Every structure is written in structure tokens, then in C-alpha cells.
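> I would like the atomic coordinates for the input below:
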Amino acid sequence: MIVSEASLAPGGASGDHAARAFGAAGQTPGAPEPYSFAPIFGGAEYCSSHTDAWFEHDEWARFILDLKGRVLRANASAKALAASGLIGSGGVFICSKHRSRAEMDQLLDRMARGYQDSGRILFRTGDDAWCILDLRVSDGASGCVFAVARPVKSLTISDLDGLCSTFKLTKSEKLVLVHIANGDSPKDVGRILDMSIHTVRSHLRSICLRLGVKGINGAIRICLQMC
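The predicted structure follows:
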């Protein structure tokens, strides 16, 4: 679903102001650093124009949201990602029916109340691929949330060595987890590993217990944090 420029930037002045603040603060963990806008580069005017250019052309999908999750501004990479159906109706980043919307609302609420200034959620895009969404607020742009969305890289068996050693996962659990983390359904995992669906689900329950999480999304999140 392609979202129009108008729907991506209601009240465009706020989005522009926030984008400039984003260049000076609020960098998302793991994202490339922007240009250094120290005084040696010629002051505020230079900083402003180059921050805008960096935001628009950065390879990461960058959004500026309000505290309700509505999109104020998006760069070119973000608009391309939006075309896959990531953004729901009305310019909302994740539509109300999306499985990750409740988690995002909880995080935005904590940010609005000042309980935390950054956070991360895991979600699926319109093509059912896993993505990471990093969110951050900045004192320099009140009411705005800076967001970076990036696809989850495929994991290999060796990527899970440290996690499996720490949490004492078995070899079979390790195999199941790497396939689940890479987007395979339990049914697909059973077919690939020649296991019954009951065996796969048993391994998944054991994995969640060992990792101390309530569901497979929690297990995947730990994978992404440790790998």
C-alpha cells in the first residue's frame, strides 16, 4: 500500500523540525551515525540543510511519528517499505489490527509518560518478513518519536552458539529455533527437519521455558539481541 506524501506529513513543519532534531540527537542503536555537524562545518544553517539531506537519503527506513503512532514524516527508504503494506489506513505506522499494535501502543505510552526514552519491537511487514523497529524520543523535539525500521538478517546455526550455550538448549531445540527465527512456520520446520508438528511445538515450549519468555516472539527477540 503506497501512502501519499500528504498522509505521511500532516503538519509538515513539525516533521521538518523533528528531522533536524533527529540529526543532532536521538540516534537509534545500531543505526549508522549521521554527519558530524560540529561548528567547523559552518553553523546552524549548514547543519539544518545537511540533516534534512541525510534523513531523506539515508539507507535505513526512518520515520518521525507522533505519540499516537501517526506518521509525521518518512524518508525515501521508509516510503518504499510503506509500499509493502507496513503503514495502515490514515497514515498510522502499524494499523490497529496488526498483531504488534498493542505492544507498540504500550511502548509509546511509556515514552509519553517519561518512563523510558527508547525501545524496540519486533513485527512482521506486509510480506510477512520480520523487521525490527527502534523507537527513541528526544528532549529537542517534544511530542515526536524517531523510528528506524530494518529487516531482520537471516540467522545461521553458528549465530546461536552463544545463546544455546547460555540457556542450555539442546541440538534439536537449536535447529528448531534458527528456522523459526528465520520466518519458517512450525509446520515448515517439521517438514524441513522431518519432525512431527507435535514434536516441533514441544521443542518450542521447551525453548520458551529455558529462555524465560512467554511466547516465540520473545524467543526471537532474544535471538536478535544476542546474535
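> shouldn't L204 be in contact with S172?
No: L204 is beyond contact range of S172, at 11.1 Å (criterion: CB atoms under 8 Å). Placement of C-beta: from N, CA and C, glycine included.
> these two: who's more crowded?
Neighbour tally, L204 and S172, criterion other CB atoms under 10 Å: the higher count belongs to L204, 19 against 15.
> ok, the residue nearest the centre of the chain - contacts?
Centroid-nearest residue in the chain, with CA atoms, centre = their mean: L133, separated by 1.2 Å. By CB atoms under 8 Å, 6 or more residues apart in numbering, the contact list for L133 reads 104, 120-123, 147-149.
> and the residue lying closest to A129 once chain neighbours are set aside, backbone torsions?
Nearest non-adjacent residue to A129, counting by CB to CB, 6 or more residues apart in numbering: P151, 6.1 Å away. Taking degrees, to the nearest 10, you get phi -70, psi 150 for the backbone angles of P151.
> any idea how far G183 is from P151?
11 Å (CB to CB, to the nearest Å).
> shared neighbours of these two, anything?
In contact with both P151 and G183: 129-130, using CB under 8 Å, 6+ apart.
> go through the contacts of L133 and flag which are in strands.
In strands, defined here by DSSP state E, the members of the contacts of L133 are 120-123, 147-149.
> looking at the residues you listed, spot the one nearest H98.
Of all the ones in strands among the contacts of L133, H98 sits closest to F123, with 7.1 Å by CB to CB.
> hmm, R62 and S77 touching each other?
Yes: using CB under 8 Å as the test, S77 is close enough to R62 to be in contact (7.0 Å).
> what is the least confident helix or strand in this protein?
helix 5-8 (a mean of 39; mean pLDDT, DSSP states H and E).
> residue contacts, D105?
If you count contacts by CB under 8 Å, 6+ apart, D105 has them with G69.
> roughly how far does it sit from R136?
Taken as CB to CB, the span from D105 to R136 is 17 Å.
> equivalent analysis for Q106, please.
In this view, Q106 and R136 are 16 Å apart by CB to CB.
> tally of neighbours for I64?
For I64, the count of nearby residues is 27 (other CB under 10 Å).
> the helix or strand hosting it pairs with which strands?
Using DSSP states H and E, the element containing I64 is strand 61-66. Strands that pair with strand 61-66, judged by DSSP bridges, come out as strand 71-74 (antiparallel), strand 144-151 (antiparallel).
> between Q106 and R136, who's got more neighbours?
R136 (22 against 12).
> A strand includes G162, no?
No: with DSSP: H, G, I helix; E, B strand; the rest coil as the criterion, G162 is helix rather than part of a strand.
> just give the closest residue to it, not the sequence neighbours.
M226 (6.1 Å).
> what about the protein, any weak spots by pLDDT?
Low-confidence segments of the chain, defined by pLDDT under 70: 1-48, 84-90, 126-128.
> for it, what spans make up the helices?
Per DSSP state H, the chain has helices spanning 5-8, 12-24, 44-57, 76-82, 101-112, 161-167, 171-181, 186-193, 197-211, 216-226. These are given in chain order.
> can you put these in TSV and add distance to D66?
TSV is the format used below for the helices of the chain (distance: least, CB to CB, whole Å):
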stretch	distance to D66
helix 5-8	12
helix 12-24	8
helix 44-57	17
helix 76-82	15
helix 101-112	9
helix 161-167	36
helix 171-181	32
helix 186-193	37
helix 197-211	34
helix 216-226	25
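> among those, which is nearest A141?
Checking the helices of the chain against A141 by CB to CB gives helix 12-24 as the closest, at 3.8 Å.
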